[in-house]
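Colleague: Got a sequence here, can you build the structure:
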Amino acid sequence: MAGPAPKRLKRPITGRLNGPPEEVAATIAGAASATKAVSSYLTFLTSEKRASPKTIENYARDLLRFFGFLFDHLEGDATLEDLGNLSVSDLRAFLARRRREGLSAKSIARTLSSLRGFYGHLEREGLATNHALKRLKTPKIPHSIPKPVSETNALNLLEDAKTISSEPWVAARDTSIITLLYACGLRIAEALSLNQDDAPLGETLRIIGKGNKERIVPVLPAARDAVDQYRTLCPHPLDGNDPLFVGVRGKRLNPREVQKLMATLRTRLGLPGTATPHALRHSFATHLLSAGGDLRSIQELLGHASLSSTQVYTEIDADRLREVYDKAHPAQKGSKAT
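Modeller: Residues are numbered from 1 along each chain as shown. Reported below is the predicted structural model:
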């Protein structure tokens with residue numbers, strides 16, 4: 001005689017991850033006490049850590065997946081007590097599922113960082129403690145170097161951005177964003193966080209980057225002119241704290257729109273998939289280094305906390321550095337004279 005049918009679990013709810021913390025937490029398949037803790041953690045990231053919206057969205061997505069796994073693994077909503085009692089094998093089972101779903105080592109490392117941050121918050125608040133998580137090692141991330149676009153392709157991107165939209169003000173907006181990413185080395189979130197009171201742009205621009213770190217970047221005339229042209233044509237209000245870059249409905253422009261723009265541009269120009277908005281920031285650094293810029297200055301312009309983050313660009317420029325070495329080193333000069 002057949003045994004009882006296996007219990008069918010409903011799929012965890014999924015929802016938007018960029019709303020208020022309490023709304024995001026409500027989409028998570030956990031007990032009330034656990035979802036309240038998630039809301040508290042996301043609020044902490046927003047108000048005290050001042051994390052970027054993209055960082056908060058990524059952490060929220062990681063927690064959503066984690067609680068979805070626990071819902072299946074524990075056959076029900078996870079409680080705070082459950083969170084404290086998870087074993088190393090439980091946590092490894094979650095990471096194994098994420099690997100099967102195609103996550104890279106880098107994404108697994110970020111997932112672990114999300115969980116450690118969340119559990120650190122639980123411990124600080126006296127809600128739960130889990131020692132098993134501390135025993136998990138972060139996977140080794142394969143060494144990779146940035147993939148910039150060439151100077152010629154960067155200029156082609158700037159030129160073609162003017163022609164993608166039939167709306168003159170949208171074309172001017174797209175051009176000014178692409179120009180800021182390449183000419184100032186901005187992250188996409190930094191460019192889209194600018195407000196109307198940041199314009200008209202002067203010779204320098206104050207940027208609040210990752211970790212709420214402030215830096216000052218010079219603004220080339222081409223970038224100032226592009227933003228001025230956009231503001232002249234933009235049909236939406238241009239007051240004070242209103243966003244500088246807006247969509248067709250007048251709301252702050254979503255980063256996905258810039259990503260879609262770059263996808264269209266790289267298809268038109270026959271560029272690889274690595275030609276993303278962030279690749280323009282890589283191009284900014286690489287082309288400065290090729291022109292003789294020093295690493296310390298480039299570090300400051302990019303807002304890197306550590307010089308080691310900037311040094312990766314020297315690998316891209318290795319051929320140029322070898323050429324300089326061959327021309328300038330005294331031993332090489334001596335060998336040519338004999």
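Colleague: Wasn't His282 part of a strand?
Modeller: No - checked against DSSP: H, G, I helix; E, B strand; the rest coil, His282 lies outside a strand; its state is helix.
Colleague: what's the burial count for it?
Modeller: Residues within reach of His282, counting by other C-beta atoms under 10 Å, total 22. Quick note: C-beta positions are derived from backbone N, CA and C, even for glycine.
Colleague: Quick check: the gap between it and Thr276.
Modeller: 9 Å (C-beta to C-beta, to the nearest Å).
Colleague: for Ala226, same thing?
Modeller: Ala226 sits 20 Å away from Thr276, going by C-beta to C-beta.
Colleague: Now the phi/psi pair for Pro272, please.
Modeller: Main-chain torsions, Pro272, degrees, to the nearest 10: phi -70, psi 170.
Colleague: wouldn't it be in contact with Arg266 here?
Modeller: Yes - counting by C-beta atoms under 8 Å, Pro272 touches Arg266, with 7.2 Å between them.
Colleague: can you pull the contacts of Lys147?
Modeller: Residues counted as contacts of Lys147 (C-beta atoms under 8 Å, 6 or more residues apart in numbering) are 272, 274, 279, 282.
Colleague: Now do it, the pLDDT please.
Modeller: pLDDT for Lys147: 84.
Colleague: How about Asp82?
Modeller: 94.
Colleague: so what's it closest to, chain neighbours aside?
Modeller: Excluding the flanking residues, the one nearest Asp82 by C-beta to C-beta, 6 or more residues apart in numbering is Leu74, at 6.0 Å.
Colleague: Count the residues that sit near that neighbour.
Modeller: For Leu74, using other C-beta under 10 Å, the count is 15.
Colleague: helix or strand right after the helix or strand hosting Ser33?
Modeller: For Ser33, the host element (DSSP states H and E) is helix 32-47. Counting by DSSP H and E, the element after helix 32-47 in chain order, helix or strand, is helix 53-73.
Colleague: mind listing what's buried in that next one?
Modeller: Of the residues in helix 53-73, 55-71 count as buried by neighbour count, 16 or more other C-beta atoms under 10 Å.
Colleague: Equivalent analysis for stretch 79-96, please.
Modeller: For stretch 79-96, burial by neighbour count (16+ other C-beta under 10 Å) applies to 79-80, 82-84, 86, 90-91, 94-95.
Colleague: need these in TSV with secondary structure and distance to Leu181, can you?
Modeller: TSV is the format used below for those (DSSP: H, G, I helix; E, B strand; the rest coil; distance: C-beta to C-beta, whole Å):
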residue	secondary structure	distance to Leu181
Thr79	coil	45
Leu80	helix	43
Asp82	helix	44
Leu83	helix	40
Gly84	helix	44
Leu86	coil	42
Asp90	helix	42
Leu91	helix	38
Phe94	helix	36
Leu95	helix	34
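Colleague: Ala226 and Thr276: which has the busier surroundings?
Modeller: Neighbour totals were compared for Ala226 and Thr276, and Ala226 leads with 25 against 20 (other C-beta under 10 Å).
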